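J.: curious how this folds, go ahead:
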Amino acid sequence: MTLSNHSAFCDRAAQVQLMRYVGTANTALQIKCEVFQGTRLLRSKPVISVPQAVFASSFHVLSDQHVIAYFDKKAIFSLAPFIHFSIDAYGHQTNLSFYKKKASGNYVYEVVGKSVQITEPQSSFAAITLDFDNLLQKA
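T.: Residues are numbered from 1 along each chain as shown. Model prediction:
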């Protein structure tokens, strides 16, 4: 990768927001999300206006069970099962987690910044992994 390509990639990557959908605000096109800044969660839940075409193509991934990526008002897609989250025992902090391995029908995740693993049933990601498989077949 050349320096100019690297710079262009970084510019485009900076346009991606990682977030966890919480609900809608005034209309379906205004969503509330917990926004991750790096590995930290922005505890406020800003209202984000989503263009109708983007909403129509991605409403099925707007779930509080997935970390989503919002790319420059052009696309929303789920990062499951590769990137997930965990909520602390008190329900106060949401932490990013990344896929580590598959074991006994579960996905095992490592919590970013902590030496903690969480386990989620593989079946809880069935619909989204089917979408991902379909996307790969089209590519």
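
J.: and the strands in the protein?
T.: All strands of the chain, identified by DSSP state E, fall at 16-24, 30-37, 40-42, 47-49, 67-71, 75-78, 83-87, 94-103, 106-111, 117-121.

J.: list the contacts of Asp64.
T.: By C-beta atoms under 8 Å, 6 or more residues apart in numbering, Asp64 lies in contact with Arg20, Tyr21, Val22, Gly23. C-beta here means a position set from N, CA and C on the backbone, and glycine is covered the same way.

J.: where does pLDDT dip in this protein?
T.: Within the chain, the stretches with pLDDT under 70 are 1-14, 38-43, 92-93, 128-139.

J.: coming back round to it: dump the contacts of Asp64 into JSON lines; add neighbour count and distance to Val47 as well.
T.: Below are the contacts of Asp64 laid out as JSON lines (neighbours: other C-beta atoms under 10 Å; distance: C-beta to C-beta, whole Å):
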{"residue": "Arg20", "neighbour count": "21", "distance to Val47": "14"}
{"residue": "Tyr21", "neighbour count": "21", "distance to Val47": "12"}
{"residue": "Val22", "neighbour count": "13", "distance to Val47": "10"}
{"residue": "Gly23", "neighbour count": "10", "distance to Val47": "10"}
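
J.: closest one to Ile31 out of those residues, please.
T.: Using C-beta to C-beta, Tyr21 is the member of the contacts of Asp64 that sits closest to Ile31, with 6.2 Å.
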